[in-house]
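>>> Can you look at this prediction? I've put the sequence above it.
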Amino acid sequence: MKKKERTLVLVKPDAVARGLIGEIISRFERVGLKIVGMKMVQPDDAHYFHHYETIGKVATRRGKDVFDINLAFMKEGPVVAMVLEGIEAVALVRKMVGATEPKAALPGTIRGDYSHLSYGHADEEKIGMPNIVHASGDSDDASQEVPHWFSDAELLTYETRHEHFTQPQKRNK
């Protein structure tokens, strides 16, 4: 049986600047994911380096130039960091946000509805990819990203009404 898991979502500077924070949060809440931690922050280089290279291997996979452009983009403004919890939350959030490249994201996904650029355009213009959100790529990434962005004291435990329907043992009481 699949258990609840936690995943990290970052509402990126482009979405914050466009006033999309509430819309993005409401999509996750409507599907029944629980927000167990949330804050608006403006991290420094070291924090982003750990996130995007130590965990995500962006410079290793795509090169230092792409990493540096992404870092500059992420530092253009604050981000809203949140930890979402739910049954198979990592895969659900990835499906909801859509493909990393906005051009490939399907309509109905967050990226498909709010962004449209291609990697080619971003590379040609030497700009960070304005793709609205970051979401943990898999359970391993989530297990590293969540404690990097949030201390245990910042993550809350509480019950939502939605959990009544996803946990049969609670329904049968």
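Sure thing, it's come through.
>>> Sketch out the strands for this protein, chain order is fine.
4-11, 34-41, 79-87, 133-135 (DSSP state E).
>>> For the residue lying closest to residue 52 once chain neighbours are set aside, list the residues it contacts.
Residue nearest to residue 52 in three dimensions, not counting chain neighbours: residue 58, with 4.5 Å by Cβ to Cβ, 6 or more residues apart in numbering. For the C-beta atoms, the positions are set from N, CA and C on the backbone; glycine is no exception. Going by Cβ atoms under 8 Å, 6 or more residues apart in numbering, residue 58 touches 52, 66-67, 70.
>>> Repeat that for residue 126.
Counting by Cβ under 8 Å, 6+ apart, residue 126 makes contact with 65, 69.
>>> again with residue 9
Going by Cβ under 8 Å, 6+ apart, residue 9 touches 24, 28, 81-84, 93, 97, 133-136.
>>> Relative to residue 94, how far out is it?
10 Å (Cβ to Cβ, to the nearest Å).
>>> Need the overlap of contacts for the two.
Once Cβ under 8 Å, 6+ apart is applied, the residues that residue 9 and residue 94 both contact turn out to be 135-136.
>>> Output the below-cut-off pLDDT ranges for the chain.
Scanning the chain with the threshold set as pLDDT under 70 gives 1-2, 168-173.
>>> thought residue 106 was touching residue 112?
Yes - at 4.8 Å, residue 106 counts as touching residue 112 under the criterion of Cβ atoms under 8 Å.
>>> any residues in contact with both of these two?
Common neighbours of residue 106 and residue 112 (Cβ under 8 Å, 6+ apart) are 98-99.
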